[in-house]
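Peer 1: From the sequence below, what's the structure:
(chains A and B)
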There are 2 protein chains.
Amino acid sequence: MAEIITIGEILVEIMAKEVDQKFYETGEYMGPFPSGAPAIFTDQAAKCGSNAMILSAVGDDGFGRINLDRLKNSGVDISSIKVLDDETTGVAFVTYKENGDRDFIYHIGNAACGKIDEKYVRESDFQDIKYLHIMGSAIYNEGIRAAILKAIDLAKKKEAKITFDPNVRKEIVKDEEGRKLLAHILKISDIILSGENELFYLMGIEDEKQCIEILFNEGVETVIIKRGSRGATLFTEELELIIPPYEVEEIDPTGAGDCFAGTFVSCINQDIDVVQSARLASIAGAMAVTKRGPMSGNTTFHELNKIYDKIYR
Amino acid sequence: MAEIITIGEILVEIMAKEVDQKFYETGEYMGPFPSGAPAIFTDQAAKCGSNAMILSAVGDDGFGRINLDRLKNSGVDISSIKVLDDETTGVAFVTYKENGDRDFIYHIGNAACGKIDEKYVRESDFQDIKYLHIMGSAIYNEGIRAAILKAIDLAKKKEAKITFDPNVRKEIVKDEEGRKLLAHILKISDIILSGENELFYLMGIEDEKQCIEILFNEGVETVIIKRGSRGATLFTEELELIIPPYEVEEIDPTGAGDCFAGTFVSCINQDIDVVQSARLASIAGAMAVTKRGPMSGNTTFHELNKIYDKIYR
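Peer 2: Predicted coordinates:
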């Protein structure tokens, strides 16, 4: 039974081959790549050695199959991913700009994974849960918002910890209600893994230290600020530790933050201390960007530990 | 004001580069190509010299823009294509098999064009209508079925002719109700352009002559059986004429039938007799397959007429 559970979108990514390629011009694309922030998280949590599960849905099509195959191969418990006959697996088209920003065209909320609702959240899946991970990207419609709130209730009943990555994207959180829901989850979380700007956006305060103080006062026990290629900072009540970046050649940044979170939660679930877990997560986030495709750079615990040993021992 | 009106899906096609490429394996794709059977029809009807309009919707994204740009450039009246903020333009992924068959993954009914309903059908657009063209591919949900029935009523009130291409795809017409609706439209049409198997499927009779006799008895005035690379046959109450294929090198067959229909309706709308119209349509269908992309091989009346003169004069 799964100790780490998440919920949300499974999709394929279709990636423009050229930098600055326009969606309104015919060009070349690579894909499908298995994707979806919660799916990447779960894949990495399982690869790293934990029993992990995702509650989601795909269509009965090739894009669903490539995801199911991938997740199963990584050791994810796929028994609560429904295959829906009349729906199509989600798709995200992505194109990179010169400055590193990305543009997306999404079929997510209207796709198979957009059908997730409270019925997908069954108490029987939550018997052994230790961590419920919430991805902020996964609040794309009413059904899944209700499902997430139900999952939080079930997890709290089992005294599992809530881990949260706000993962806010302008294309998905268009409404104030969505922002409020994410701000609410922030306050009831035990562990937060977030970019700095996401935190500012959700808390309405542009000061990192102040945000973290407020979160600690709310009962949050650990905050990790993910800064991409600039590394990360780990905050607990006792310590503040800069995690320097592990330097790599960047091929494709998509999924790095999800992979960071998957590694961190998988490591603490295996009773590795927070400092080592954060360092391993930082290495995993770096390794994630060295390959094309959101999950292509996911790594095993063994691979991460070899790099960790070189740096820290 | 438009003399030829159609209604239905506007989407982009994303095309696998390799023959037999699998949707469950990462590969290379070309796209987006402006597409959607009714859109291809309208594009060709306008290119061929008629005032043509499509009632549809796209998202406020690059995939919508490439379609709007293309249709406008071809002379289509795009004033009744709504651009929807909260929806995504439809997408069809296509891969060709060794035997020439195609596999699709669709986001259509759940995309912007899936929002079409009766409200999209406004009497003001129907002032000058002479032909309402119905594409069988466009019955992908309840809203558009109601819209099509309303459009037929408005067209009949204006004494416009109903032209119909059943264009039945197994991926879209999964229900008996859809089949019944198409069979109903078949009987109230004035002009039918159909593949033979589609006709058999809708009429439940596996005999071409018998089908055509029944349709004539129902009041249909013209039937054209489109046979792809084998040419076509034109049936009226007075004549039965084989239209031999215009031989070309096939690059991409998608859109050939829609282009055939767009040319035929555009020509008869310009008072060209049915025989010449059918021959021009057959040439247009052939030319359509010589370029990659559903609308890439669309042709002007002038281009078609030059080929017609070589063959028939």
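Peer 1: tell me the mean pLDDT over stretch A:304-313?
Peer 2: For stretch A:304-313, mean pLDDT rounds to 94.
Peer 1: With stretch A:96-110 instead?
Peer 2: In the prediction, stretch A:96-110 has an average pLDDT of 91.
Peer 1: residues of it that come out buried?
Peer 2: Within stretch A:96-110, the residues that count as buried by 16 or more other CB atoms under 10 Å in any protein chain shown are A:96, A:103-110. To be clear about C-beta, it is placed using only N, CA and C from the backbone, and glycine gets the same treatment.
Peer 1: so who does A:Ile108 touch?
Peer 2: For A:Ile108, the contact set (CB atoms under 8 Å, 6 or more residues apart in numbering or on different chains) comprises A:9, A:11, A:90-92, A:114, A:140, A:172.
Peer 1: Look up the closest residue to it, ignoring the ones flanking it.
Peer 2: Once flanking residues are discounted, A:Ile108 sits nearest to A:Gly90: 4.7 Å by CB to CB, 6 or more residues apart in numbering or on different chains.
Peer 1: beta partners for that neighbour?
Peer 2: Taking DSSP bridges as the rule, A:Gly90 bridges to A:Leu11.
Peer 1: Tell me where the stretch 51-200 of chain A has helices.
Peer 2: Taking DSSP state H, counting those that start in this stretch as the criterion, the stretch 51-200 of chain A contains helices spanning A:62-73, A:142-157, A:176-188, A:196-203.
Peer 1: just the angle between the second one and helix A:176-188, please?
Peer 2: Same thing as helix A:142-157. Counting by axes from the mean of the first three to the mean of the last three CA atoms, to 10 degrees, helix A:142-157 lies at 10 degrees to helix A:176-188.
Peer 1: tell me the contacts of the closest residue to chain B within the stretch 101-250 of chain A?
Peer 2: Nearest residue of the stretch 101-250 of chain A to chain B: A:Asn110, at 3.9 Å (CB to the nearest CB). By CB under 8 Å, 6+ apart, the contact set of A:Asn110 is B:87-88, B:107, B:110-111.
Peer 1: Show me which positions of stretch A:182-189 end up buried.
Peer 2: A:182, A:185-187, A:189.
Peer 1: What sits closest to the residue nearest in space to the middle of chain A if chain neighbours are left out?
Peer 2: Taking CA atoms, centre = their mean, the centroid of chain A lies closest to A:Asp258, which sits 3.5 Å from it. Closest residue to A:Asp258 apart from its sequence neighbours, by CB to CB, 6+ apart: A:Ile40 at 3.9 Å.
Peer 1: ok, that neighbour touching A:Phe260?
Peer 2: No - with contact defined as CB atoms under 8 Å, A:Ile40 does not reach A:Phe260; the gap is 10.1 Å.
Peer 1: Enumerate the residues of the stretch 1-150 of chain A near chain B.
Peer 2: Within the stretch 1-150 of chain A, the positions lying close to chain B (CB under 8 Å from any CB of the partner chain) are A:14, A:17, A:22-33, A:59, A:61-63, A:65-66, A:69, A:86-89, A:91, A:103, A:105-107, A:110-111.
Peer 1: For those, which ChimeraX command selects only the ones that are buried?
Peer 2: To isolate the buried members of the residues of the stretch 1-150 of chain A next to chain B in ChimeraX, using 16+ other CB under 10 Å:
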select /A:14,23,24,26,29,30,31,32,33,59,61,62,63,65,66,87,88,89,91,103,105,106,107,110,111
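Peer 1: Pipe the contacts of A:Ile108 into JSON lines and attach pLDDT and distance to A:Gln44 per row.
Peer 2: Below are the contacts of A:Ile108 laid out as JSON lines (pLDDT from 0 to 100; distance: CB to CB, whole Å):
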{"residue": "A:Glu9", "pLDDT": "97", "distance to A:Gln44": "16"}
{"residue": "A:Leu11", "pLDDT": "98", "distance to A:Gln44": "16"}
{"residue": "A:Gly90", "pLDDT": "98", "distance to A:Gln44": "19"}
{"residue": "A:Val91", "pLDDT": "98", "distance to A:Gln44": "22"}
{"residue": "A:Ala92", "pLDDT": "97", "distance to A:Gln44": "18"}
{"residue": "A:Gly114", "pLDDT": "96", "distance to A:Gln44": "24"}
{"residue": "A:Tyr140", "pLDDT": "87", "distance to A:Gln44": "22"}
{"residue": "A:Ile172", "pLDDT": "59", "distance to A:Gln44": "21"}
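Peer 1: out of the residues you listed, what pair is the most spread apart?
Peer 2: Within the contacts of A:Ile108, A:Val91 and A:Ile172 form the most distant pair, 14.3 Å apart (CB to CB).
Peer 1: would you list every one of the strands in the stretch 201-313 of chain A?
Peer 2: A:222-226, A:232-236, A:240-243 (DSSP state E, counting those that start in this stretch).
Peer 1: now swap in the stretch 1-150 of chain A and tell me
Peer 2: Using DSSP E, counting those that start in this stretch, strands in the stretch 1-150 of chain A cover A:4-7, A:11-16, A:27-35, A:52-59, A:81-84, A:90-96, A:102-107, A:131-135.
Peer 1: quick one, which of these is nearest to B:Tyr246?
Peer 2: Between B:Tyr246 and the strands of the stretch 1-150 of chain A, the shortest gap by CB to CB is with strand A:27-35, which sits at 31.0 Å.
Peer 1: Would you mind measuring the gap between the ends of stretch A:293-313?
Peer 2: End-to-end distance for stretch A:293-313: 31 Å, by CA to CA, to the nearest Å.
Peer 1: Centre of the chain to stretch A:211-222, how far?
Peer 2: Taking CA atoms, centre = their mean, to the nearest Å, one finds stretch A:211-222 lying 21 Å from the centre of the chain it belongs to.
Peer 1: what's the answer for stretch A:295-305, then?
Peer 2: Relative to its chain's centre, stretch A:295-305 lies at 16 Å (CA atoms, centre = their mean).
Peer 1: ok, now stretch A:128-148?
Peer 2: Mean-position distance between stretch A:128-148 and its chain equals 11 Å (CA atoms, centre = their mean).
Peer 1: residues of it that come out buried?
Peer 2: Buried-residue list, stretch A:128-148, by 16+ other CB under 10 Å: A:129-141, A:143-148.
Peer 1: Now do stretch A:187-200, average pLDDT.
Peer 2: 94.
Peer 1: For that stretch, which outside residues touch it?
Peer 2: Where contact means CB under 8 Å, 6+ apart, the residues beyond stretch A:187-200 that reach it are A:134, A:136, A:152, A:161-168, A:186, A:206, A:208, A:211, A:215, A:218-228, A:257, A:260-261, A:264-265, A:268.
Peer 1: Quick one: end-to-end length of stretch A:96-113, please.
Peer 2: This stretch, stretch A:96-113, spans 25 Å end to end (CA to CA).
Peer 1: right, I mislabeled it, should have said stretch A:270-278
Peer 2: 13 Å.
Peer 1: centre of the chain versus it, how much separation?
Peer 2: 18 Å.
Peer 1: Number of residues surrounding the residue nearest to A:Gly75 when sequence neighbours are not counted?
Peer 2: Among residues not flanking A:Gly75 along the chain, A:Ala46 sits closest, at 4.1 Å (CB to CB, 6+ apart). By other CB atoms under 10 Å in any protein chain shown, the residues close to A:Ala46 number 27.
Peer 1: Contacts only, for A:Ala46.
Peer 2: By CB under 8 Å, 6+ apart, the neighbours of A:Ala46 are A:52, A:71, A:74-77, A:266.
Peer 1: out of those, what pair is the most spread apart?
Peer 2: Across the contacts of A:Ala46, the longest distance by CB to CB is 14.4 Å; it joins A:Leu71 and A:Ser266.
Peer 1: what about the two, which has more around it?
Peer 2: More neighbours surround A:Ser266 than the other of A:Leu71 and A:Ser266, with 29 against 26 (other CB under 10 Å).
Peer 1: Make sure the more buried one is actually in contact with A:Thr42.
Peer 2: No - with contact defined as CB under 8 Å, A:Ser266 does not reach A:Thr42; the gap is 9.7 Å.
Peer 1: anything in contact with each of these two?
Peer 2: With CB under 8 Å, 6+ apart as the test, A:Ser266 and A:Thr42 both reach A:4, A:52.
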